[in-house]
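Student: Have a look at this fold, sequence not included:
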Ligand code: E4P
């Protein structure tokens, strides 16, 4: 399972990278705004800064919602750095744009996936990744993990190469549940990733080992 961090915060990206388990980064316009990164020039520069801080794929989202606009913006984003993956919304023109980029071997991430049908269409169009938003489904009392299960089954039935990128991860158990189902990638906040470290028996066990070691010295 690949681990992506879902943030535009460079310090958090570097902390996850330092841990040695990071495979990439996802961002979106809301995450950029949260860090105070606004305006096209600053946003483009920030994508390059992120690419230079990590080794894997970095999703950069188009703002246009029409085919021509998405192509123009996506090509500009892809030219920024070889690690850029063009993030495209799940809309009609987005499907056409996914096909356009797939035909040109430019990596894509189809975002805002909330149904198995949307994931099937995106895979047919050749998306590199699809991003089902499980936390936002949970927020409206719908089981987000069931969607990951459905997409896994459909993709396996037809050996689609599109990778399931479980997004809108809210906590550590989401990561574990997605790993059990077989999501190819998860993207989550730093605290959800770091939460995987924790167990009280590890803490108490380590404390006892250190105390016992000191007895003999
Ligand atoms: C995915 O790429 C999105 O950036 C993200 O996971 C959205 O998560 P949220 O629902 O916590 O905003």
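Tutor: Cool, the structure landed. Remember, predicted model here, so these are calculated numbers, not experimental data.
Student: C-alpha only now, for contacts and for neighbours.
Tutor: OK.
Student: The closest residue to the ligand within the chain: neighbouring residues, count only.
Tutor: For the chain and the ligand, the shortest gap (C-alpha to the nearest ligand atom) falls at residue 168, measuring 3.3 Å. Neighbour count for residue 168, taken as other C-alpha atoms under 10 Å: 22.
Student: How far does stretch 61-68 stretch from one end to the other?
Tutor: When the termini of stretch 61-68 are compared using C-alpha to C-alpha, to the nearest Å, they are 15 Å apart.
Student: mean confidence for it?
Tutor: In this model, stretch 61-68 has a mean pLDDT of 98.
Student: what's the spacing between that stretch and its chain's center?
Tutor: Remark: stretch 61-68 is offset 19 Å from the chain centroid, using C-alpha atoms, centre = their mean, to the nearest Å.
Student: all strands of this structure, in order?
Tutor: Under the criterion DSSP state E, strands of the chain are mapped to 2-6, 24-26, 57-61, 84-89, 108-113, 129-132, 163-166, 185-188.
Student: got these as a markdown table, with mean neighbour count columns?
Tutor: A markdown table is the format used below for these (neighbours: other C-alpha atoms under 10 Å):
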| stretch | mean neighbour count |
| --- | --- |
| strand 2-6 | 23 |
| strand 24-26 | 26 |
| strand 57-61 | 25 |
| strand 84-89 | 27 |
| strand 108-113 | 25 |
| strand 129-132 | 27 |
| strand 163-166 | 25 |
| strand 185-188 | 25 |
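Student: Residue 206 is nearest to which of those strands?
Tutor: strand 2-6 (26.9 Å; C-alpha to C-alpha).
Student: tell me which parts of the chain are close to the ligand?
Tutor: 6, 26-28, 135-136, 167-168 (C-alpha under 6 Å from any ligand atom).
Student: confidence score at the residue nearest the centre of the chain?
Tutor: With distances taken as C-alpha atoms, centre = their mean, the residue of the chain nearest its centroid is residue 187 (3.6 Å). With respect to pLDDT, residue 187 has a value of 98.
Student: Can you verify my assumption that it contacts residue 171?
Tutor: No. With contact defined as C-alpha atoms under 8 Å, residue 187 does not count as touching residue 171 (10.8 Å).
Student: hey, what's the residue nearest to the centre of the chain bridged with?
Tutor: For residue 187, the beta-bridge partners are residue 4 (DSSP bridges).
Student: contacting residues around it?
Tutor: 3-6, 25-26, 165-169 (C-alpha atoms under 8 Å, 6 or more residues apart in numbering).
Student: could those residues be laid out in TSV, adding pLDDT?
Tutor: Output for the contacts of residue 187, formatted as TSV (pLDDT from 0 to 100):
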residue	pLDDT
3	98
4	98
5	98
6	98
25	98
26	98
165	98
166	98
167	98
168	98
169	98
